[in-house]
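In: Okay, sequence plus prediction incoming.
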Amino acid sequence: MKVSLSALILCFFASAASSVEVPTSAYADSSRTDADVSLSETDPWGFAYRSLRMPAVDSSRTADVRNLELVRDAARFELKEGRLFLLQSIPFQDDTVTTGAVFLGKGTFHFTPPTDIERQQLARFYKEETLSHDFRFLLLRFADSTSSELERMLTFDSGPVPHELEEAIHYAGLFFHSWSNDRFTYSLYRDLLNRTDDASFYAHIANKLNARDGVLPKPLIYTYDPGQVEEVALENRWGTTFRRQTVSRFNRSPRASGRIPEVKPGEKDEVRLRHYDIEAELSDAGELEATARVYFKVRLDTLRSLKFALQASDVHSVLGPKEEDVPFHKDGPYVSVFFGPPLVRDSSSTLSFRYDIQNLKRTVRAIEAQGKISELGTVSASGRNWYPVLGFRERTTFDLTFRVPV
């Protein structure tokens, strides 16, 4: 049977929705445990991914800063006076890489969208079509040339790490790692694997370090992600949550100014999904056991990783086309898969996921009992990820064997 997979989702989640696993830790501890060492030996891919989440501050690499500027597309970061700390280098492949820095002092963030419509959008939030925002704290995460630029422009030595800086990093980590936002750890990993010059950049910009008088800081988040259709984004805090809302989003400057053609639909898709073959069984206790095989064709010159949305309680294995184990890392409701020898353009391949989802029925019944219709809608929408989902623009075909208790 071949129909739109979205039709299955609507029918299935009328009666069930998957549970959501929310990370309990916002950033990595600087200490290395025995478990960490074991993980690095048995699962180097997962160890590197976890290490990327938020390395600790490196007190041996700190520098005084005066009148330093960084420009990233539509953003200019003016670091007027203060102190900058690099984050600890992490092992990656056969090398070590520095993927972050924090600045404490006086600075100004300048931002001007390149198009009229995005300048008007900025004005809806801040009453101005160009933004100059003073800050005291800046967290940078990057897979681009930022590390080498900073090391070229500054003289680093050892120095103490202020306690208030550690608090600010912890708070910034809540935005970086909230499961609803968490795409950037994968973006860093992807670009480090690809060793590309056109790589990801993330900035958390705040004029307050922590809560004062019960009022939490409301930071700005600036991102450049070459894997997105619109690569440049400015976001801020949404309400009282640690989720981010979009203020402005647009193509990188050369494309926005017309020097590079607009992105065509599917141009940035890593693969073309061709088919799903899913076998799923729902138990009396409301637990789902499933195996989902994904068939796809590669669209990039080389493909070293893929990130799937899958709200599984546990992922037991990911297998390749010859039933070989494929390295993967589960991070909240996402599963990142890594290809040792990279796949090449126009090649076809498969991935087979074996996983469990617990308490499907209990999640929906609890919400229904409370009468939270809007929340039920939210859970139902996110529940489409009961199978491994890649992107949201493409339809595909499927074969489904679904067993339910009699």
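Out: Okay, I see it. Residues are numbered from 1 along each chain as shown.
In: what element comes up after the helix or strand bottoming out on mean pLDDT in the chain heading to the C-terminus?
Out: Lowest mean confidence among the helices and strands of the chain (mean pLDDT, DSSP states H and E): helix 373-382, at a mean of 36. Reading on from helix 373-382 to the C-terminus, the next helix or strand found by DSSP states H and E is strand 397-403.
In: How about that next one, which residues are buried there?
Out: F398, L400 (16 or more other CB atoms under 10 Å). For glycine as for every other residue, the C-beta is placed from the backbone atoms N, C-alpha and C.
In: Parallel or antiparallel, which strands does that strand pair with?
Out: Strand 397-403 has the following sheet partners, assigned by DSSP bridges: strand 271-282 (parallel).
In: dump the residue contacts of D197.
Out: Counting by CB atoms under 8 Å, 6 or more residues apart in numbering, D197 makes contact with D144, S145.
In: D198 now?
Out: D198 makes contact with D144, P226, according to CB under 8 Å, 6+ apart.
In: Likewise for the one 4 residues further on?
Out: Listed by CB under 8 Å, 6+ apart, the contact partners of Y202 are L140, R141, F142, F176, F184, L188, I221, Y222, T223, Y224.
In: And it, what's its pLDDT?
Out: Looking at Y202, its pLDDT stands at 96.
In: What residue, apart from its backbone neighbours, is nearest it spatially?
Out: If the residues on either side of it in the chain are set aside, Y202 comes closest to R141, at 4.1 Å by CB to CB, 6 or more residues apart in numbering.
In: For L319, give the beta-bridge partners.
Out: Here L319, judged by DSSP bridges, has bridge partners D325, S352.
In: swap in V97?
Out: The residues that V97 bridges to, once DSSP bridges is applied, are I90.
In: Where is the longest strand in this protein?
Out: Determined from DSSP state E, the single longest strand within the chain is strand 57-72.
In: how about that strand: buried residues?
Out: V57, D58, R61, T62, A63, V65, L68, L70, R72.
In: just the strands in the stretch 201-350 of the chain please.
Out: For the stretch 201-350 of the chain, the strands defined by DSSP state E, counting those that start in this stretch occupy 201-206, 220-224, 232-237, 244-250, 271-282, 288-298, 302-309, 314-319, 328-331, 334-344, 348-357.
In: any idea of the mean pLDDT in the helix ranked longest in the chain?
Out: Looking across the chain with DSSP state H, the single longest helix is helix 163-177. In this model, helix 163-177 has a mean pLDDT of 85.
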